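Enquirer: predicted coordinates and the sequence they were generated for:
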Amino acid sequence: MRLDRLITAAGGMSRSQAGKAIRAGRVTVNGSAALRPEQKVEENLDLVELDGRPLEYRSRRYYLLDKPLGVITAARDPKQPTVLDLFPPEIRRQGIEPVGRLDKDTSGLLLLTNDGDFAHRVISPKSGVWKVYEAVVDGILTAEDVRLFAEGLRLGDGTLCLPAGLRILTPERGLVTVREGKYHQVRRMLAAVGKPVLELRRLSVGGLSLPPDSEPGTWRELDETEAQLVCASCSNPPLWQE
């Protein structure tokens with residue numbers, strides 16, 4: 001790999017900034033000063049340091065975002081703010097994309113990655129990755145609603161949903177657990193039982209959850225071990241009806 005490319009990926013610089021750092025003598029490879037941006041390095045063998053700080057190169061990157069309301073789930077849009085706009089340029093340059101989507105009026109956990117295989121595995125219906133949402137509804141949630149969700153709800157257009165979980169927290173607030181990603185599925189399911197959604201927030205995807213004190217708009221990078229938690233417990237739904 002070219003040295004300037006490694007620095008761009010691991011050090012949060014643009015390619016031109018990396019080139020300037022190299023020519024300024026700020027970069028060493030295995031203890032020796034590097035002077036050429038095009039110098040070849042072995043990303044998993046050579047020790048590359050910038051200003052004396054070792055750079056860790058990882059080709060696959062994973063991020064957990066607490067998506068705020070009013071932001072669309074897209075990589076780019078000419079008119080509206082997107083989830084990528086919440087990240088600094090050096091992160092966007094890693095080529096990350098949203099994994100699945102949350103609509104503009106839904107907040108909560110959204111994964112982003114440049115690992116296409118991982119993204120496909122998370123969103124594929126065959127994987128059965130469970131997702132948990134907290135919903136505030138216009139109406140009173142009932143035991144009958146819980147039963148209908150558990151049996152597999154039929155939507156207004158005839159679409160049949162797989163069995164899902166509904167756990168009532170208060171008469172107007174509940175946790176919905178689904179393993180599909182149909183268009184506006186949670187909103188449509190609750191509307192089908194006469195309880196339109198007023199607020200919707202995703203709390204978890206597979207084995208990853210937002211901290212209770214998480215603030216919309218915040219994000220953090222995941223290591224590969226954390227990322228794999230997403231599919232670690234697909235067979236056991238969390239927060240199932242009690």
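Expert: Yep, that arrived.

Enquirer: find the residue at the geometric middle of the protein.
Expert: The centre of the chain sits closest to Leu111, judged by Cα atoms, centre = their mean, with a distance of 0.6 Å.

Enquirer: where do the strands sit along this protein?
Expert: Remark: strands assigned in the chain by DSSP state E are 27-29, 32-33, 48-50, 53-54, 62-67, 97-98, 107-113, 131-137, 165-170, 173-178, 197-205, 208-209, 219-222.

Enquirer: give me the below-cutoff pLDDT ranges for the chain.
Expert: Applying pLDDT under 70 to the chain flags the ranges 11-12, 233-242.

Enquirer: try it again at 50.
Expert: 239-242 (pLDDT under 50).

Enquirer: run through the helices of it in chain order.
Expert: Assigned by DSSP state H, the helices in the chain fall at 3-11, 15-23, 89-92, 116-123, 143-151, 185-192, 224-227.

Enquirer: follow-up on the earlier one: contacts only, for the residue nearest to the centre of the chain.
Expert: For Leu111, the contact set (Cβ atoms under 8 Å, 6 or more residues apart in numbering) comprises 62-65, 98-100, 119, 122, 205, 208, 227, 230. From N, CA and C alone the C-beta is placed, and that goes for glycine too.

Enquirer: going by distance to Val136, which of those wins?
Expert: Nearest to Val136 among the contacts of Leu111: Val205, at 20.2 Å, using Cβ to Cβ.

Enquirer: can you give the domain ranges for this protein?
Expert: For the chain, automatic domain parsing gives the domain ranges 3-54, 62-231.

Enquirer: locate the residue of this protein with the greatest distance from its centre.
Expert: Relative to the C-alpha centroid of the chain, counting by Cα atoms, centre = their mean, Ser32 is the outermost residue, at 38.8 Å.

Enquirer: for it, name its beta-bridge partners.
Expert: Taking DSSP bridges as the rule, Ser32 bridges to Val29.

Enquirer: what about it, distance to Asp46?
Expert: 10 Å (Cβ to Cβ, to the nearest Å).

Enquirer: check Gly25 too.
Expert: Counting by Cβ to Cβ, the gap from Gly25 to Asp46 is 17 Å.

Enquirer: and if you look at Arg147?
Expert: Distance from Arg147 to Asp46, by Cβ to Cβ: 61 Å.

Enquirer: who's more crowded, these two?
Expert: Asp46 (16 against 11; other Cβ atoms under 10 Å).

Enquirer: my guess is Leu175 contacts Val186, does it?
Expert: No - counting by Cβ atoms under 8 Å, Leu175 does not reach Val186; the two are 10.5 Å apart.

Enquirer: what residues are shared contacts of the two?
Expert: 133, 135.

Enquirer: between those two, who's got more neighbours?
Expert: Between Leu175 and Val186, Val186 has the larger neighbour count (other Cβ under 10 Å), namely 24 against 20.

Enquirer: isn't that one right up against Val197?
Expert: Yes - using Cβ under 8 Å, Val186 is in contact with Val197, at 7.1 Å.

Enquirer: pipe the helices of the chain into a markdown table and attach distance to Asp77 per row.
Expert: Output for the helices of the chain, formatted as a markdown table (distance: least, Cβ to Cβ, whole Å):
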| stretch | distance to Asp77 |
| --- | --- |
| helix 3-11 | 25 |
| helix 15-23 | 25 |
| helix 89-92 | 14 |
| helix 116-123 | 19 |
| helix 143-151 | 33 |
| helix 185-192 | 22 |
| helix 224-227 | 26 |
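
Enquirer: and of those, who's closest to Tyr133?
Expert: Per Cβ to Cβ, nearest to Tyr133 of the helices of the chain: helix 185-192, 5.1 Å.

Enquirer: pull out the buried residues from that closest one.
Expert: 185-192 (16 or more other Cβ atoms under 10 Å).

Enquirer: with stretch 103-110 instead?
Expert: Buried, per 16+ other Cβ under 10 Å, within stretch 103-110: 106-110.
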